[in-house]
Every structure is written in structure tokens, then in C-alpha cells.
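J.: okay, sequence plus prediction incoming.
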Amino acid sequence: MRVRNLSRRRFLGGAAATAAFPLATRAVGAREGATCEAAGVDCGAVATGSDGMVVSVSPAASEVGAQVLRSGGNAVDAAVAVQFALTVTQPHSSGIGGGGFMLYYDAEADDVEIVNSRERAPAGADPEMFLDDGEPIPFDERHTHGDAIGVPGTPSGLELAAERYGSLPIEELIDPAISLAEATEVDRYLAERIVEDEWKFNDAAREVFLPDGEPLAEGDPLEQPDLADTLRLMRDRGIREFYEGEIARAIADAVGEAGGSMTFEDLCRYGATVDEPVEGDYRGAEVYSMPPPSSGGLTVIQILNLLEGFDLGETYDVRSGTKYHLLAEAMRLAYADRAEYMGDPEFVDVPTEGLLDPDYVAGRRELIGPDSLNEEPEAGDPWAYQSGGAASASRPTERAVGETTHFTVADSEGNLVSYTTTIEQLFGSGIMVPEYGFMLNNELTDFDAEPGGANEVQPNKRPLSSMSPTIMARDGEPFLTVGSPGGPTIITSVVQAILHHVEYDLPLAGAIDEPSIYAPESPAIQLWEEGIPEEAREEAADLGNEWGDEPGPIGNVNMLRANDDYEGAADPTRDGLAVGLGER
């Protein structure tokens, strides 16, 4: 799809620097300032650079991406290498056993496209497969069952992206991950997650994460020889080995042993797609994000448009109780529409045009008051604003907050990648493919457990997602990327990062650090972050909002700002790293 007036950027550094070192045999010690300085990069939670930027939750993966850029690769080359590396360093939240959405801005073509690698249900999936005697199976039971595992899409998406946009052979982009799989270290967050989720590991996963029966601790070696061998197979035989070779047969066997219906034929049929982004406007800026089967883009833009009429930055302090109240009310209305209308557009009609129609949004905004609570927010009727189509009712199911990872890459030519990738819950289904070393997703729990709605389970269908990788442009010039993990909280994390930066003019790090909320239903503010003043909570409570008992972190946002130089920022709640290349 052609994007309106996006002009090609020219950066101070010109073409990418020639390779100062080859593609990594191991990650540079990113937090050693002297090492970063010697490598000609700016490293930290916040970094700048004229020739490129990589921001991810994993220092090792960020360094892999930076090395690819320094070796002459473009933003997509670096993103592909980063994702393979994340399979190794972030096995709890990302990997080749899952799926995701890559949002790509091509500077030369002035174009934004999506590589869609969302998982699909196998042909044997059934609308009632998450019911027992007509009632939903408890989430803790269904999310570790073989029926929860969708056909993985990430490898196909990486292959498609590399072939369509990349400049380096994908074989070279897998090599750094192979080296990391042979020897890397357990970080703080992974160590905590192993202890928390070891209950659901199968025997293969326990052998990796609990050698000798004890969970790996921070700083311990993380040795994954089976995963290294799997990556070598994909490098030497091609990515389709994952879908049509011995890896595919091993996946089907593992899912079958766990009670699922996925077959070798389901894997053979899978192919990622190139899609068009959903588009909107906010404060004079164009917003490009995920269309269905992700609910992310539509819901992000709708919440922003609902709030735009209140002039938050001019009227309310960033930590005022009324600001949190208005945020919560906009979330509740948008999530009501999300639950009612959104699903895989290959199977259901989604009123995309109607949901973002200015008149429809204005009518919904009238339901929000700075001094009143909408006690029972309901979905509206966007079909009245849609060109054709008919409504489809949904029966939403409560979903647990999942885990995911988001990263961003930019190169010296102005190409941008905003990429969110997932295996759903922490460690996905808990099932590692025996002898192949990677975790399998539990993505099909993103379907509604009860049939009858837009997001019911159907064979070959893609479940509704919340992933919201986003690029914003102003006056035809891309200036911001943002994304986050966090299941359904992804949407609200992205919204608030944009609000804090665009509406309240906070710098990237400040926009990320500013405490956020999550309130999809009335009257609860279900989740909230530390730092929200007690008087603000009391003010919002006086309006009828009910705060959760204790604060806690929400999501893990990273952002990139593109001006004359790049600036990148990683969320400090984990050990994320931004690496900037070029003069600073």
C-alpha cells in the first residue's frame, strides 16, 4: 500500500558503516562502556545515533542487530537476526515456536507494509474444544494442553521479510543465534520466570531450565545445544525445513503427545502474508499499526481519538485523577467494541472503517464525562458508519495477561522496523519440542473459549491478538515507533506511551517511565503502576473507579524517535538495551 507523502530520510552518516567486525560469534558485552565506545556505538537504556538504532529487551540481541547494521545489513536484516537471537535469550516470551507482526517502513518506496506471521489453528480445531460439559475449561488447564498450540508463524515471517526486503542471506542472519545457543547467560528476568513457571514445563524444558533438578539462576550459563542444532538445520536446509522436514514432524509429534490435533500437513500449509496497515490520525500525525487479526491498531487509534477531544495535555496534569479517569473510560468503550467486533478478517467482517469514523468516535466520546462513570459500557454500532457489512456478536472470554517481546530497528537509509513477537503466556504452553530445543506457543487461548462470536475457534483461523507495533509520521516524515509486550495490556501501554510523548511532550525515557493504568472493564482500574499519587487515586475513586490493591509494572515499552538523528529508549523494568550507531 502506498503511504501518503512519506519522504525518504537522509541521515548525517550517509550509507551504513562498513563492517568493523563480522557477524557476531557472540554478543559484545553491551553494558561495558569501553566496549561500546570501542565498537563505535552508543549503548544504554537510552541511546542516540545517526547511522542506525536497535532497541530490544535483550542486550545480546540488541548487539546482534547492531553488528548486522555495521556489517552493511539493512533494518530488516538486523530485525531478522534479532528475532533469531531472541529465540535463544528470551525463551519465555519469544521464539520460532510462536508468531508476530512486523511493521516495516521502506524509505525508498515511501511505503508501510506488514509481514503477518500470526499463528493459525490446525485443521482439526473445533469451536467447542475449550469447553467441558458446555463450560469453559479453566485457563490454567487449557493453556498447557496441546489444543492451545497454534501453527507457528515466526520462521515463515522471517523468511518472507528477508526475501522481500533484506539485503543479506538469511543463513548469515541465523549464525549469531547459533553461537548464542551454544553459550549465553541467564538474565535476571529469565531466572525469575523459570522459578515462577517451572510447574508447567515438560521433560525437555526441565532439562534445559532445571538441569540437575535446580532452576537456573541469574548469571548461570544457558546452554541450548538442541536449539543450536535446530537453527543449523534451518540455516543449512532452508526455513521450510521447519514446516516440511524433520522439525515439522517433531512439532506434530510433540503437539499430539500433549493431546492436540496439529498434524504435519497443518505445518506444510502455513505461509506468512504481506498485509496493509490500519491507518489513523492523532494530533496531526498519521498512525500506522496492526489491522485484524490483531485488535491492536484499531483499538490504539480509537482510544487516542476518543481522548483527543479532551485536550489532556492542556487541561489535566499528567498525574491528575481526572486524567486517569478519562483514560479508563476511553479504554472501557474501546475494549467493548474490541470484544464485540474483532476477529480474523478471513472469517468475519470487521467494521474497520466504522470503528474509526470521526462521527462514530464523536458519538462514543459523548459517553465519557470528566465527572461521571459509565457503569456498564457497551459496544456501539460502527456498522452504521461502515460501507456495507452486517454486525457480528461476540462472547468475550477473560484472558490472562500474556508475555511477548517488542523491538525496533532503524538503519542509515531511514528504513524502520517495529516488530512485536510472541509465544503468548510465559514459556508459551510450557512444551519444548524434545531434541529440538524451542518452546511452543499457546496462542489458541487467544480465541474465545465459548463459540458463537467473531473470535470463536475455527479450523485454519488466526486468533485475535493485541500486538500493536506502531509507526507515526508527521508532515510525511516518520518520527516515532512504539510497541510493548503484555497481552491485552499491550494496547494501553502503547496508547499511554504515545500520549506521554506527543500530548505531554515528555522525552522518550520519561514517556516510558510515566506510570500507566489498564482498565478494560468498569468500574475497576485493574492494573496500575507505582508512582500514581494517592490523591490522584482518591480523585478517580470519587468518580466511581475502583483501584486494584497493589501497583505493579505493566508491559515493557520501547520507543524510537527519528529526527536528524535517532534516539532509542528501552523500558528500565527489565534489562533492555538501546544501541545507536554513528556520530553522537
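T.: That came through, no problem.
J.: quick one: low-confidence parts of the stretch 351-500 of the chain?
T.: By pLDDT under 70, the low-scoring segments of the stretch 351-500 of the chain are 388-403.
J.: pull the helix or strand with minimum mean pLDDT from this protein.
T.: Comparing every helix and strand of the chain by mean pLDDT, DSSP states H and E singles out helix 33-39 as the least confident one, with a mean of 51.
J.: name the element residue 63 belongs to?
T.: Here residue 63, judged by DSSP states H and E, is contained in helix 59-70.
J.: mind giving me the packing neighbours of that helix?
T.: When contacts are defined as 3 or more CB pairs under 8 Å, 6 or more residues apart in numbering; DSSP states H and E, helix 59-70 sits against strand 41-44, strand 52-56, helix 75-89, helix 170-182, strand 403-411, strand 577-581. For glycine as for every other residue, the C-beta is placed from the backbone atoms N, C-alpha and C.
J.: give me the angle between it and strand 52-56.
T.: When axes from the mean of the first three to the mean of the last three CA atoms, to 10 degrees is applied, the directions of helix 59-70 and strand 52-56 differ by 160 degrees.
J.: give me the mean pLDDT for helix 59-70.
T.: Per-residue confidence for helix 59-70 averages out to 96 on the pLDDT scale.
J.: a markdown table for the helices and strands packed on helix 59-70, including distance to residue 135 and mean neighbour count?
T.: Output for the helices and strands packed on helix 59-70, formatted as a markdown table (distance: least, CB to CB, whole Å; neighbours: other CB atoms under 10 Å):
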| stretch | distance to residue 135 | mean neighbour count |
| --- | --- | --- |
| strand 41-44 | 50 | 24 |
| strand 52-56 | 41 | 33 |
| helix 75-89 | 36 | 31 |
| helix 170-182 | 42 | 22 |
| strand 403-411 | 27 | 31 |
| strand 577-581 | 45 | 30 |
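J.: adding distance to residue 220, write these out as TSV.
T.: Converted to TSV, these look like this (distance: least, CB to CB, whole Å):
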stretch	distance to residue 220
strand 41-44	24
strand 52-56	21
helix 75-89	13
helix 170-182	15
strand 403-411	21
strand 577-581	20
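J.: quick one: closest of those to residue 190.
T.: With CB to CB as the criterion, residue 190 lies closest to helix 75-89 of the helices and strands packed on helix 59-70, at 7.9 Å.
J.: now do the closest one: distance to the chain's middle.
T.: Going by CA atoms, centre = their mean, to the nearest Å, the spacing between the C-alpha centre of helix 75-89 and its chain's C-alpha centre is 14 Å.
J.: again, but for stretch 331-349
T.: For stretch 331-349, the distance between its averaged C-alpha position and the chain's averaged C-alpha position is 18 Å (CA atoms, centre = their mean).
J.: average pLDDT across it?
T.: Per-residue pLDDT over stretch 331-349 has a mean of 96.
J.: quick one: end-to-end distance for that stretch.
T.: With CA to CA, to the nearest Å applied, stretch 331-349 spans 23 Å between its terminal residues.
J.: just the buried positions in it, please.
T.: For stretch 331-349, burial by neighbour count (16 or more other CB atoms under 10 Å) applies to 331-344, 347-349.
J.: sorry, back to before: ok, of the helices and strands packed on helix 59-70, where does mean pLDDT dip lowest?
T.: For the helices and strands packed on helix 59-70, the weakest mean pLDDT is recorded on strand 41-44, namely a mean of 67.
J.: and the next helix or strand past that strand?
T.: Going down the chain from strand 41-44, the next helix or strand is strand 46-49, by DSSP H and E.
J.: what average pLDDT does that next one get?
T.: Mean per-residue pLDDT for strand 46-49: 93.
J.: return the list of helices and strands in contact with that strand.
T.: Going by 3+ CB pairs under 8 Å, 6+ apart, strand 46-49 lies up against strand 41-44, strand 566-570, strand 577-581.
J.: mind listing the strands for the stretch 101-250 of the chain?
T.: 111-116, 131-132, 135-136, 184-185, 221-222 (DSSP state E, counting those that start in this stretch).
J.: tell me the most buried of those strands?
T.: Per-stretch averages of neighbours, counted by mean count of other CB atoms under 10 Å, single out strand 111-116 among the strands of the stretch 101-250 of the chain, with a mean of 22.
J.: starting at the chain centroid, how far to it?
T.: What separates the centre of strand 111-116 from the centre of its chain is 15 Å, taken as CA atoms, centre = their mean.
J.: now swap in stretch 158-169 and tell me
T.: The chain centroid and the centroid of stretch 158-169 are separated by 20 Å, computed with CA atoms, centre = their mean.
J.: cool, and stretch 87-102?
T.: Taking CA atoms, centre = their mean, one finds stretch 87-102 lying 10 Å from the centre of the chain it belongs to.
J.: can you pull the phi/psi pair for the closest residue in space to residue 205 that isn't next to it in sequence?
T.: Leaving aside its sequence neighbours, residue 205 sits nearest to residue 432 (CB to CB, 6 or more residues apart in numbering; 3.9 Å). Backbone torsions for residue 432, taken as degrees, to the nearest 10, come to phi -90, psi 140.
J.: so residue 432 sits against residue 210, correct?
T.: No: in this structure, residue 432 is not within contact of residue 210 by CB atoms under 8 Å, at 11.7 Å.
J.: just want to know which of the two has more residues nearby.
T.: Set residue 432 next to residue 210 and count neighbours by other CB atoms under 10 Å: residue 432 wins out with 28 against 15.
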